[in-house]
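Novice: give me a 3D structure for the following:
(chains A and B)
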Amino acid sequence: MSLSEEARPQQAKTPARRRLDALRTPRRFSADDLFETSSTIFAAMIILIIVVTSVLLIRGSIPVLQSFKTGFFTGTNWISVAGSESYGVLPYVLGTLVTSAIAVAVGVPLSLGIAIFLAEMAPWSLRNALSRVIELLAAVPSIIYGFWGLFVFRFWVRDYLEAPISSYVGAFPVFQGTPFGLDILTAGLILAIMIIPTVSSISKDVMMAVPSSQREAAYSIGATRWEVVRTGVLGYARSGIFGAIILGLGRAVGETMAVTMVIGNASGPAALPTSLFKQGATMASVIANEFSEAEPGSLHLSALIGIGLTLFLSAIVINVFAQLMVWKVLKVRAGSVE
Amino acid sequence: MTLSLQVEELKPANSEAPSIRGTLEKFKIQTEKLNAWFGNNHVLKDLSINIKEDEVTAIIGPSGCGKSTFIRCLNRMHELVPGARSSGAVLLDNANVYARGIDPVTVRRKVGMVFQKPNPFPTMSVYDNVAAGLKLNGIRDHQKLDRAVKRSLELAFLWDEVKTELDKSGASLSGGQQQRLCIARALAVEPEVILMDEPCSALDPVATAKIEELISSLKAQYTVVIVTHNMQQAARVSDNTAFLYLGQLIEYGETTQLFENPTEELTERYLTGKFG
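Specialist: Next comes the predicted model:
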């Protein structure tokens, strides 16, 4: 018996007390503890990876930031000739934003259409087959999309999209320039195609998780099929759909290879996306193009790492902004309904 | 009432359908040889029944007897389930809702429904939940919507509880309030018939009492058909009761008569708890 027991001999050992003692057996290191510790370690690795990435990016870009201060973020020049070096990432930031915006504007409606068809309209067998195909599309390497974009898609864009637009509304500033096919519009459209698998398959899963009671609720007040989707399904699923869009946006912002192959790779002020028919560049495409040319320890390399840092920051800002937008849209917070 | 008693000996128009009193009373819904299937499972067999206007009709019976399927046939919700089909006729004001060229959407606007579990739209406010059906009908006028929302919530005994929080989420209400919100949502599109599929089975006794009180008040303006597994509830709220067993209509009559003096042995045994 334990010490405390001897110290209080006057206390009789009732059965209830004995049962209480049995519960107080000293804790040994159990399987539960092992599980808790290991999952904590795995979770901590996420933070570790982010911290290491930011430290390396910041350390690598110190030389270029010291040389150009905030001018690195606001400047438009990109000259890597020794002696007259000048680096500014603004054109590339804008290039990334514009191509991603095109990707979302074109890709999201298409993806939602696909998701609605698969989740709400398609018969069971077709839904399964098509879902597989879409997941397969998500697994196609981006260089394949790039190849296809370079050798096939860009001619379609040039002949069937850009040429007609140019001849009818070419006077508008955003459509100025000669249709060429290797430009910001093509890059945005390739990105749109590339985000479709992600956005549509996640949206489809989210919609299929909507309880059928929601559809019945809409049917019972006289909704047509489309109205059932609109009132019963999209409303309930909207936070999940926003999540899918943000994931798609993330892919568009960071996508490198395919964009590099079709965007035309302009440099410096020429890369400012003033027209959709201009050759441009994104942050990721510049890094991919120039990384092999930059001398180790050079200011050029530091500038490229600086682009990496900017890309990292932009991704964070875009995510936070998107999250805020989701909260704003979801003003009425969802409660629990089965 | 007296008039109907005088014509008691008159045969109902559809002589096969069990009917309580004469034909002078108006039947809101009449089913003729209604059959329903889920795949190969024949769940409703030749159901013919006349449901009276502005009264509450309860459908009782053991689990799986086809109660829910029956009322889901009345507003063509049954056919939405994959593999489900039906045959026979459902006459709403003497017009077959299954006739060729009838749009189920218009049927459902006339025949509203309340479900077993409260299912408000969780991302919509209380106001928008009630207004949802009207907005589907293309009503955008704010004053009109305001009036309809207030009227429906009042009819559903919910107005006083939510009038200061109309912009809160429909899902933030309690279970009983959610169910009354769903009733208000159904009432807002001004249906003629309200179908209720075990509307209290997910609710506590207090909330149940409120809904029952509400059902009794609704029959002034609406024909109500309620499915319930709770016999006491059927006895409390309904004017007429139908007893279904294995997809067949066993007995149908005035609630007091059916409960106190059932003519079928099966009904008697069910009511006394011998099975079910």
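
Novice: now do whichever residue of the stretch 151-276 of chain B sits closest to chain A: how many residues are near it, please.
Specialist: When scored by CB to the nearest CB, the stretch 151-276 of chain B has residue B:171 as its residue closest to chain A, at 2.8 Å. Glycine gets a C-beta too; all of them are placed from N, C-alpha and C. Residues near residue B:171, counting by other CB atoms under 10 Å in any protein chain shown, number 22.

Novice: ok so it is a helix residue?
Specialist: Yes: under DSSP: H, G, I helix; E, B strand; the rest coil, residue B:171 falls within a helix.

Novice: could you check the pLDDT of it?
Specialist: At residue B:171, the model reports a pLDDT of 87.

Novice: surely it meets residue B:122?
Specialist: Yes: counting by CB atoms under 8 Å, residue B:171 does reach residue B:122; the two are 3.7 Å apart.

Novice: what residues does the stretch 101-250 of chain B put near chain A?
Specialist: Residues of the stretch 101-250 of chain B lying near chain A by CB under 8 Å from any CB of the partner chain: B:105-106, B:108-109, B:112-115, B:117-125, B:128, B:132-133, B:136-137, B:167-172, B:178, B:182, B:185-186, B:188-189.

Novice: inside helices: which ones of the residues you listed?
Specialist: Counting by DSSP state H, those place B:105-106, B:108-109, B:128, B:132-133, B:136, B:178, B:182, B:185-186, B:188 in helices.

Novice: next structured bit after whichever helix or strand residue B:68 is part of?
Specialist: Using DSSP states H and E, residue B:68 maps to helix B:67-74. Heading C-terminal from helix B:67-74, the first helix or strand you meet, by DSSP H and E, is strand B:84-92.

Novice: show me what that following strand is packed against.
Specialist: Strand B:84-92 sits against strand B:27-38, strand B:41-52, helix B:67-74, with contacts defined as 3 or more CB pairs under 8 Å, 6 or more residues apart in numbering or on different chains; DSSP states H and E.

Novice: in the first one, what's buried?
Specialist: By neighbour count, with 16 or more other CB atoms under 10 Å in any protein chain shown as the criterion, the buried positions of strand B:27-38 are B:27-32, B:34-37.

Novice: and the helices in the stretch 51-200 of chain A?
Specialist: For the stretch 51-200 of chain A, the helices defined by DSSP state H, counting those that start in this stretch cover A:71-74, A:90-116, A:124-138, A:142-148, A:154-156, A:163-169, A:184-208.

Novice: now render those helices as JSON lines, adding mean pLDDT, distance to residue B:250 and mean neighbour count.
Specialist: Output for the helices of the stretch 51-200 of chain A, formatted as JSON lines (pLDDT from 0 to 100; distance: least, CB to CB, whole Å; neighbours: other CB atoms under 10 Å in any protein chain shown):
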{"stretch": "helix A:71-74", "mean pLDDT": "93", "distance to residue B:250": "81", "mean neighbour count": "16"}
{"stretch": "helix A:90-116", "mean pLDDT": "96", "distance to residue B:250": "44", "mean neighbour count": "22"}
{"stretch": "helix A:124-138", "mean pLDDT": "92", "distance to residue B:250": "37", "mean neighbour count": "13"}
{"stretch": "helix A:142-148", "mean pLDDT": "95", "distance to residue B:250": "66", "mean neighbour count": "17"}
{"stretch": "helix A:154-156", "mean pLDDT": "95", "distance to residue B:250": "68", "mean neighbour count": "17"}
{"stretch": "helix A:163-169", "mean pLDDT": "91", "distance to residue B:250": "71", "mean neighbour count": "13"}
{"stretch": "helix A:184-208", "mean pLDDT": "95", "distance to residue B:250": "39", "mean neighbour count": "25"}
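
Novice: can you lay out the ones you listed as JSON lines showing distance to chain B?
Specialist: As requested, those are exported to JSON lines (distance: least, CB to the nearest CB, whole Å):
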{"stretch": "helix A:71-74", "distance to chain B": "39"}
{"stretch": "helix A:90-116", "distance to chain B": "16"}
{"stretch": "helix A:124-138", "distance to chain B": "8"}
{"stretch": "helix A:142-148", "distance to chain B": "35"}
{"stretch": "helix A:154-156", "distance to chain B": "39"}
{"stretch": "helix A:163-169", "distance to chain B": "34"}
{"stretch": "helix A:184-208", "distance to chain B": "13"}
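
Novice: need those in a markdown table (columns: distance to residue B:76).
Specialist: As requested, the helices of the stretch 51-200 of chain A are arranged in a markdown table below (distance: least, CB to CB, whole Å):
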| stretch | distance to residue B:76 |
| --- | --- |
| helix A:71-74 | 62 |
| helix A:90-116 | 23 |
| helix A:124-138 | 22 |
| helix A:142-148 | 46 |
| helix A:154-156 | 46 |
| helix A:163-169 | 47 |
| helix A:184-208 | 23 |
